[in-house]
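Engineer: Next comes the sequence, and after it the predicted model I'd like to discuss.
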Protein chains: 4
Amino acid sequence: MNSPLRQASSLPSTGRHFLQIPGPTNVPDPVLRALAAPTIDHRGPAFAELARRVVTRLGPVFGTTGPIALYPSSGTGAWEAALVNTLSPGDRVLCFETGHFAVLWQELAERLGLDVELVPGDWRHGADPATLAARLAHDPQHRIKAVCVVHNETSTGVTSPVPLLRRALDEAAHPALFLVDTVSSLGSTDYRHDEWGVDVTVAGSQKGLMLPPGLGFNALGPRALEAHRTARLPRAYWDWDPLLDTAEHGRFPYTPATNLLYGLDVALDLLAAEGLPQVFARHARHAAATRAAVRGWGLTVLCADPRAHSSTLTAVLMPDGQDADALRATVLDRYDMSLGNGLGRLAGRVFRIGHLGQLSDLHLAGALAGVQMGLAAHGFPADPAGLTAALDVMSAA
Amino acid sequence: MNSPLRQASSLPSTGRHFLQIPGPTNVPDPVLRALAAPTIDHRGPAFAELARRVVTRLGPVFGTTGPIALYPSSGTGAWEAALVNTLSPGDRVLCFETGHFAVLWQELAERLGLDVELVPGDWRHGADPATLAARLAHDPQHRIKAVCVVHNETSTGVTSPVPLLRRALDEAAHPALFLVDTVSSLGSTDYRHDEWGVDVTVAGSQKGLMLPPGLGFNALGPRALEAHRTARLPRAYWDWDPLLDTAEHGRFPYTPATNLLYGLDVALDLLAAEGLPQVFARHARHAAATRAAVRGWGLTVLCADPRAHSSTLTAVLMPDGQDADALRATVLDRYDMSLGNGLGRLAGRVFRIGHLGQLSDLHLAGALAGVQMGLAAHGFPADPAGLTAALDVMSAA
Amino acid sequence: MNSPLRQASSLPSTGRHFLQIPGPTNVPDPVLRALAAPTIDHRGPAFAELARRVVTRLGPVFGTTGPIALYPSSGTGAWEAALVNTLSPGDRVLCFETGHFAVLWQELAERLGLDVELVPGDWRHGADPATLAARLAHDPQHRIKAVCVVHNETSTGVTSPVPLLRRALDEAAHPALFLVDTVSSLGSTDYRHDEWGVDVTVAGSQKGLMLPPGLGFNALGPRALEAHRTARLPRAYWDWDPLLDTAEHGRFPYTPATNLLYGLDVALDLLAAEGLPQVFARHARHAAATRAAVRGWGLTVLCADPRAHSSTLTAVLMPDGQDADALRATVLDRYDMSLGNGLGRLAGRVFRIGHLGQLSDLHLAGALAGVQMGLAAHGFPADPAGLTAALDVMSAA
Amino acid sequence: MNSPLRQASSLPSTGRHFLQIPGPTNVPDPVLRALAAPTIDHRGPAFAELARRVVTRLGPVFGTTGPIALYPSSGTGAWEAALVNTLSPGDRVLCFETGHFAVLWQELAERLGLDVELVPGDWRHGADPATLAARLAHDPQHRIKAVCVVHNETSTGVTSPVPLLRRALDEAAHPALFLVDTVSSLGSTDYRHDEWGVDVTVAGSQKGLMLPPGLGFNALGPRALEAHRTARLPRAYWDWDPLLDTAEHGRFPYTPATNLLYGLDVALDLLAAEGLPQVFARHARHAAATRAAVRGWGLTVLCADPRAHSSTLTAVLMPDGQDADALRATVLDRYDMSLGNGLGRLAGRVFRIGHLGQLSDLHLAGALAGVQMGLAAHGFPADPAGLTAALDVMSAA
């Protein structure tokens, strides 16, 4: 018989694994323990109270007072939900190619029967409001029904300026829906669904919300709800209808992921205890420290726009001829740390450092020390000034 | 600040809650503890090993050597997956109205754009092979593309004879796909995907597999895989393609529900340690004991066909004029036990006793004692011979 | 390599073990999860706050406003602590032979160099105040320095009337210290250290406090503290001195059992949420139900004095010629329930049912069903009226 | 109502606390989860198997094939046990003042009525074999009955050469018992009870064994067992007698700390999986890295003898006029890390870095980064070359 707990916790390791991919993130101990509470009746009063509480408390994290649909799914499911609830077969959707996940979302839209137009990108810059404005100007008949943007590209560490993109839509008086993926930014970065005029915000549990994977979210604006009434893509599992008033009655149309909701309740406590502004400042500080380290080592941050640096992950370009995946394997093998790999066109050329979710200064220091030692072990003479610079950033706070 | 662990575990209770709904079931302690292991990199080698192991070991539970698709979803998602992977818009699907969940699946099929024909039923009998044969005889052009049957109706405690239904299809030489929902039977009742010629088997995590909700499953037969190649319902999240070889490489197309897989690994250990035949015999014994109790109390088992009794739950008809939901509320309030409610047309007239998943003789005895005391408290003079009869059934084993 | 979690949780079992020995008791789930919180610095501020909180909140459970010494030890250690802190070599101690644990405490006292006088008993009655009065009347020189009584004999299910024994001491104006063992009554039965004039109360963690074993307690009255100043038995580990003001500063003289204190904190929450009077009433009700079952089965409760029945356990005499240990083995093997064995002179003749700590009506019903079925399997024709009578007692509440 | 889990896990922290005191140590996750398994009957067969297994597997960690007595106690209790089982009132005991804990053990011995002679020390060197030899030479009548040495002084980070001290005893042909405290070395440093001729080895659970506090140990040599027969200090709780054959029958004389034994079982798995030689090498490497950091920062390691450096902790002298406790408070407040304080005569002048138990290179790097940043925040211009030097030591491995 197998002993899965052991294998899952990498037994011969001498400590807790450093999970520095850009999600799933290091789940806080109180959240992990909450997952182990006995499952309860999802139609009973105790569950209803839990469901109401977590959905209500999610609102401030999304920056919305509107409904939030919560699915037993991955973030990919929440992408699909955003589309099938608002669009009809053949509808045109404008996507910005900011990186691998933007491309995946676009492909998913195509598979659902949408007519997707992709604005190409170099994977080092965010979606450009001027480009959007220009494209909208050429759509006087409003054939574009939705604009899809990834707020924080998990594959590149590049953000897109959601408020400015919204302004471009407004200035064009274009009725397209504005759908935003915040999978790797929500709960880590300032985000305001209502104030920024987003119609559907897509998120998942396993990043800034500090949970294991298994929950997908859609925050819904009034225009999305209106579109929902006439949208004709087939939908059943993802239909928002029975999810619109969970905050009120605490019920779900099918069995929800009970134990993840226990964890979510604790995670929301943790975010509230630290304070969202403090959480965002911490992420920004850790991102700055990480970039300082990267530059100190003599490496290049992938993101080429200083205004677009992600607070939650940093993608690092390896020098030509160096295999980023070999480095990652070294780091995993010698230092029991997982780093993110280069995705799509960046495969082998980039590694990604996740610095989101639960993360302390010392934990990040350990992670950066691991990259620094890993680079050395891999044959790249990383200047120790890298780590020192990161500590300086953190010390200055 | 809230203290969710407390509320979730119903603090003022004097003991562990009795979760006797027909799922989610009482999750074993080792499974709960496994859920609390730190989340790991879903693209790293340790995870791949875990994924391969659990998917491989699921095969014997489904009775298949073919692929099993595993989703972060509820069982409802697995229903949707079975349909969108095998059918095209407008395809005719034949459903048997064996109870509330059969109706829900049918409704879901309609929402996806399928042409559903419902064979009516009285919710007290399973799907009838002769009826199926007769219907197929009137479909010489093979307009019916799929037959959907619920193996074990969670709303009624009535099973349908899967092998005999298969035989009706075979004898009619009808090519319709055979899709079977085993959400509340898998892992508790003998089931043989391959041997019984099922094309897609639908299941979820929160019943016989003894996990919290959050995983959906499709076991895939060769004819289903063939249909998958030409099926034209839009599909993305649910697409089987990237899930066909998880057993081999241990990868998923999007972030899987890592911590539920930890639990699944332990649950599979538990099933293997007890032995599937022993697990099935235990469920049958507990079901017989429960029916003996029901009859001893002077109440009626909803299932009207002795060959069709469910091993995993028993639906009990209250006498006319008695409110089953009031009884359930009494039982919850006084004895901290959740019973299943009557669903759909059975609302208020029926309560359901779940006796599946992890369950010992003494636990069931306590549960039945709670029903007996609850009936008395509710004003129904339940004969104590009911519990005695149940103990006699268990003692005889 | 071994897989202890599995073995410890009795893997092939089909449910949670029924731990119906009179302690350790079934530990509540929230307490178990609390044990798994990371260990912290026992000299840091977070720990000090925890320690102050738990020691302060223990006061009402003991019925005292005085200091409580808390040890990393078993209850046996707390016995030793009570003696070495108050007595000097050769001091005379009067013990009442109410059962096996009273004898063990007496033997421990002898091994420490005390001069122990044992008042013999038949193990079916508690300590008799009249006997104590008579003995004190023959001690005009006050050679007896301490009277040791077990409040609730864990080996017999017989209690002793602590207030009446105190009155005997008072009426004799005898200065002997009054030391009371409440290991299996504290937190389950009304107990009032201050009001009843007890000098040292001895307790442990693994019974009514619903924790795993590993903590011992001494509640200290003013006369005990006075005696402590001049007592000359050697003492170091057990010395009360550095433990007198834990409630104030939250420090311990040596490393305390941190994680058990986490559990104690939660256990105190649970007791407070239910309310101590409700906790005591529940235990009394469960004890009455258990005795009703025993009599209904045609067996004899060991305790021969109706005023002395324990609320926390019931010792049951088997008919002559029947081996109680064989019955227990049958119950463990067939029904995965642990019952207490006969100790000392009761070995093989008695089995004990623990009904203390966390226990619900349904859990007790299951346990009693297990005894009833076990008796039948063992060849004793237990009348099913036993369980019915127990349910009647519980229903009446 | 309080919410202790939250407070215990320091809720507003942004990550897992860094517990870098020299014990309790960071408890591995699988050990923590094991603690949460339900408590079982300590007199039943499953427990006996567990007890036999853990006691048997402790042997190699102590380097003994003899009996090991295991107590529900702190390490202080194990000190007391070593003395009361082998000595008689007034026996002379020779202690070496290597630091604070050596002094505490000596004081404990005095309180038990022993005649203690203390060899003074400067707290920067270990016990000197030549001094021992000289002292023994002046004891021709063998009035010294026991020599007590602390293998690894937790207050100073200085070790004593156990084999050389044994040789001094042998060369003097002196029959004194040799009692060694390994509380902060066992399981982290090479130690050989049998081979080195130690008579009683004292240990606890919360350091190299990676458990929470709550278990004390005595490993017993043949001469200690012989002395035990005639020793006359009063003993009851600590008596070795009923503990001598736990490895054989798995029983304890009183209720053992069940859940800590679950944890011990897993901790022994972890040590076996890594391999004791690898565990020792890891500790040595981390100690060398830490000393390199200390020197790089421009600070002084307290231990003045290069042969005596501890593998498990490093005590660091602050420059004159700098308050080590203020530094520790800064580090705790800003970086959520606990460091050990200066004890006894070192109060305020020293801080201690624990690097024992479960510890990975990256975790240590984070801890040292925290000290470096803390020093800077405290106003001490720690040269960043300190951390770089530590990484170099770790990288070289």
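Structural biologist: The structure has been received and is ready for your questions.

Engineer: tell me which residues of whichever strand or helix holds A:Gly216 are tucked away?
Structural biologist: Taking DSSP states H and E as the definition, A:Gly216 sits inside strand A:215-220. Across strand A:215-220, burial judged by 16 or more other Cβ atoms under 10 Å in any protein chain shown covers A:Leu215, A:Gly216, A:Phe217, A:Asn218, A:Ala219, A:Leu220. Glycine gets a C-beta too; all of them are placed from N, C-alpha and C.

Engineer: what does stretch A:142-155 give?
Structural biologist: Quick answer for stretch A:142-155 (16+ other Cβ under 10 Å): A:Ile144, A:Lys145, A:Ala146, A:Val147, A:Cys148, A:Val149, A:Val150, A:His151, A:Asn152, A:Glu153, A:Thr154, A:Ser155.

Engineer: and the closest residue to chain D within the stretch 51-200 of chain A, helix, strand or coil?
Structural biologist: Using Cβ to the nearest Cβ, the closest approach of the stretch 51-200 of chain A to chain D is made by A:Ser188 at 11.5 Å. Using DSSP: H, G, I helix; E, B strand; the rest coil, the secondary structure recorded for A:Ser188 is coil.

Engineer: residues touching the residue nearest to it when sequence neighbours are not counted, list them.
Structural biologist: Leaving aside its chain neighbours, A:Ser188 sits nearest to A:Gly208 (3.6 Å; criterion: Cβ to Cβ, 6 or more residues apart in numbering or on different chains). Shown in contact with A:Gly208 (Cβ atoms under 8 Å, 6 or more residues apart in numbering or on different chains): A:Thr25, A:Ser184, A:Ser185, A:Leu186, A:Gly187, A:Ser188, A:Thr189, A:Val279, A:His283, A:Thr312, A:Leu356, A:Gly357.

Engineer: One more: A:Pro319?
Structural biologist: A:Leu299, A:Phe380.

Engineer: 6 Å - rerun?
Structural biologist: If a contact means Cβ atoms under 6 Å, 6 or more residues apart in numbering or on different chains, then A:Pro319 has no contacts.

Engineer: Quick check: it vs A:Gly298, distance?
Structural biologist: Look at A:Pro319 and A:Gly298: by Cβ to Cβ, to the nearest Å, they are 8 Å apart.

Engineer: what do you get for A:Leu317?
Structural biologist: 11 Å.

Engineer: Just after the lowest-mean-pLDDT helix or strand in chain A, pick out the following helix or strand.
Structural biologist: When the helices and strands of chain A are scored by mean pLDDT, DSSP states H and E, helix A:4-8 comes last with a mean of 35. The first helix or strand that comes after helix A:4-8 along the chain, using DSSP H and E, is strand A:18-20.

Engineer: and that next one, is it in reach of chain D?
Structural biologist: Yes. Using Cβ under 6 Å from any Cβ of the partner chain, strand A:18-20 reaches chain D at A:Phe18.

Engineer: hmm, who's touching that strand?
Structural biologist: A:Asn26, A:Met337, A:Ser338, A:Leu339, A:Ile353, A:Gly354, A:Ala367, D:Leu362.

Engineer: same question, stretch A:90-100
Structural biologist: A:106, A:109, A:114-121, A:123, A:126-127, A:143-150, A:153, A:155-156, A:343-344.

Engineer: which parts of it are buried?
Structural biologist: Buried residues in stretch A:90-100, counting neighbours by 16+ other Cβ under 10 Å, are found at A:Asp91, A:Arg92, A:Val93, A:Leu94, A:Cys95, A:Phe96, A:Glu97, A:Thr98, A:Gly99, A:His100.

Engineer: pLDDT (mean, whole number) over it?
Structural biologist: The pLDDT scores in stretch A:90-100 average 98.

Engineer: Send me it as CSV with only the CA atoms.
Structural biologist: This file holds the C-alpha atoms of stretch A:90-100, laid out as CSV (Å, rounded to 0.1, in the frame of the first residue of the first chain):
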residue,chain,number,x,y,z
GLY,A,90,-20.1,33.7,-33.4
ASP,A,91,-19.8,36.8,-31.3
ARG,A,92,-16.6,38.7,-31.9
VAL,A,93,-14.2,38.9,-28.9
LEU,A,94,-11.1,41.0,-28.8
CYS,A,95,-8.2,39.5,-26.9
PHE,A,96,-4.7,41.0,-26.2
GLU,A,97,-1.8,38.7,-26.5
THR,A,98,0.0,39.6,-23.4
GLY,A,99,1.4,36.1,-22.7
HIS,A,100,0.6,32.4,-22.5
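
Engineer: Centre of the chain to that stretch, how far?
Structural biologist: Counting by Cα atoms, centre = their mean, to the nearest Å, stretch A:90-100 is centred 17 Å from the centre of its parent chain.

Engineer: Quick check: phi and psi on A:Phe96?
Structural biologist: Backbone dihedrals for A:Phe96, given as degrees, to the nearest 10, come out at phi -110, psi 130.

Engineer: which of the contacts of strand A:18-20 are close to chain B?
Structural biologist: A:Ser338.

Engineer: Counting only helices, which of the contacts of strand A:18-20 make the cut?
Structural biologist: A:Ala367, D:Leu362 (DSSP state H).

Engineer: Need the contacts of strand A:18-20 in JSON lines (columns: distance to D:Leu271, neighbour count and pLDDT).
Structural biologist: Converted to JSON lines, these look like this (distance: Cβ to Cβ, whole Å; neighbours: other Cβ atoms under 10 Å in any protein chain shown; pLDDT from 0 to 100):
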{"residue": "A:Asn26", "distance to D:Leu271": "25", "neighbour count": "24", "pLDDT": "97"}
{"residue": "A:Met337", "distance to D:Leu271": "23", "neighbour count": "26", "pLDDT": "97"}
{"residue": "A:Ser338", "distance to D:Leu271": "25", "neighbour count": "23", "pLDDT": "97"}
{"residue": "A:Leu339", "distance to D:Leu271": "29", "neighbour count": "27", "pLDDT": "98"}
{"residue": "A:Ile353", "distance to D:Leu271": "32", "neighbour count": "26", "pLDDT": "98"}
{"residue": "A:Gly354", "distance to D:Leu271": "31", "neighbour count": "29", "pLDDT": "98"}
{"residue": "A:Ala367", "distance to D:Leu271": "26", "neighbour count": "29", "pLDDT": "98"}
{"residue": "D:Leu362", "distance to D:Leu271": "20", "neighbour count": "28", "pLDDT": "98"}
